[in-house]
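Asks: output the structure for:
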Amino acid sequence: MATSGEHSFEQEIDKSKNSEQEITPKPVYERDVDRAAKKLQDKVAIITGGDSGIGRAVAVHFAREGADVVIVYRKEKEDAEETKSLVEEKGRRALLIATDVGEEANCKNIVEQTLAEFNRLDIVVNNAAIQVPHQELQEITAEQWEETFRVNIHAQFYLTKAAIPHLKPGSSIINTTSVNAYKGHQTLVDYTSTKGAIVGFTRSIALQLAEKGIRANAVAPGPIWTPLIPSTMHKGIEEFGKETPMKRAGQPAEVAPCYVFLASEDSSYITGQCLHPNGGMVLNT
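Replies: Numbering: from 1, shown residues only. The predicted model follows:
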């Protein structure tokens, strides 16, 4: 069966014909991978910020689809151990790595440990992030500004750079950005700025990697109920998510399928794009 990239359109097309029976090559309406029970069978994925929230949900969904996962986290060992157990319950392996992804040497080490453990790398999910709300720009210190960029975007650059030499055609890079990159956020100026940078980073590396058969995409979640929310939002938390047309916050389980789609061959003709699980918020994307 023909797959993507194998078509030849050198025939002269008779524009008066509108039947699939009369054109060559025939359009592909179903591939073997579309019938696969496990979309990510025996793949290996690195997930930063994989201990909780969206990262945990992605790890569990990847495992359900047949992938082994590397769960990178900073401090929350108990959360990371629970995520590891959830992955193992799905019959897959999980490797825990506690490190600061904001340092380039640590990102290189993540890739090295992954290869040593699994001998391959297929998927990179750059998901780790921090946010600290402030009412006024003057409240943001230079140190906080630099720390937010170091964790949220520099880490994505470091890990992606370390991973690319080991990725093969069909591999996927998925970066977590945010709805705030498209609409702004009054009290999260530094965080939102990094999320905008992630969109540009994703689109640019997608162009670089397309000829290598490596896809790069992003996910821009709207208000999703994760540990990051109660730990950083001390006011108005009871209204969290009610600004969406669905009038509620989303759950990590409602976001994770976006990552499965972008990691699998289901999205083989998609790169440089961003998915928007945000409860129906209309954005200028």
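
Asks: could you look up the SS state of residue 125?
Replies: Residue 125 falls in the strand class when you classify it by DSSP: H, G, I helix; E, B strand; the rest coil.

Asks: where does residue 29 land on pLDDT?
Replies: Per-residue confidence at residue 29 stands at 71 (pLDDT).

Asks: again but with residue 38, I slipped
Replies: pLDDT, residue 38: 93.

Asks: which non-adjacent residue is nearest it?
Replies: residue 66 (3.5 Å; CB to CB, 6 or more residues apart in numbering). Using the backbone N, CA and C atoms, a C-beta is placed for each residue, glycine as well.

Asks: helix, strand or coil for that neighbour?
Replies: coil.

Asks: residue 109 against residue 101, yeah?
Replies: No: at 10.3 Å, residue 109 does not count as touching residue 101 under the criterion of CB atoms under 8 Å.

Asks: how far away is residue 226 from residue 155?
Replies: As judged by CB to CB, to the nearest Å, residue 226 and residue 155 stand 18 Å apart.

Asks: so the two - more neighbours on which side?
Replies: residue 155 (26 against 21; other CB atoms under 10 Å).

Asks: correct me if wrong, but that one is in a strand.
Replies: No: using three-state DSSP, the assignment for residue 155 is helix, not a strand.

Asks: give the contact list for it.
Replies: Residue 155 is in contact with 48, 101-102, 107, 126, 128, counting by CB atoms under 8 Å, 6 or more residues apart in numbering.

Asks: between those, which sits nearest residue 36?
Replies: Minimum distance to residue 36 across these is 25.6 Å, recorded for residue 126 (CB to CB).

Asks: and residue 109 and residue 101? which has more neighbours close in?
Replies: residue 101 (26 against 14).

Asks: excluding chain neighbours, what is closest to the more buried one?
Replies: For residue 101, ignoring the flanking residues on the chain, the nearest one in space by CB to CB, 6+ apart is residue 155 at 3.8 Å.
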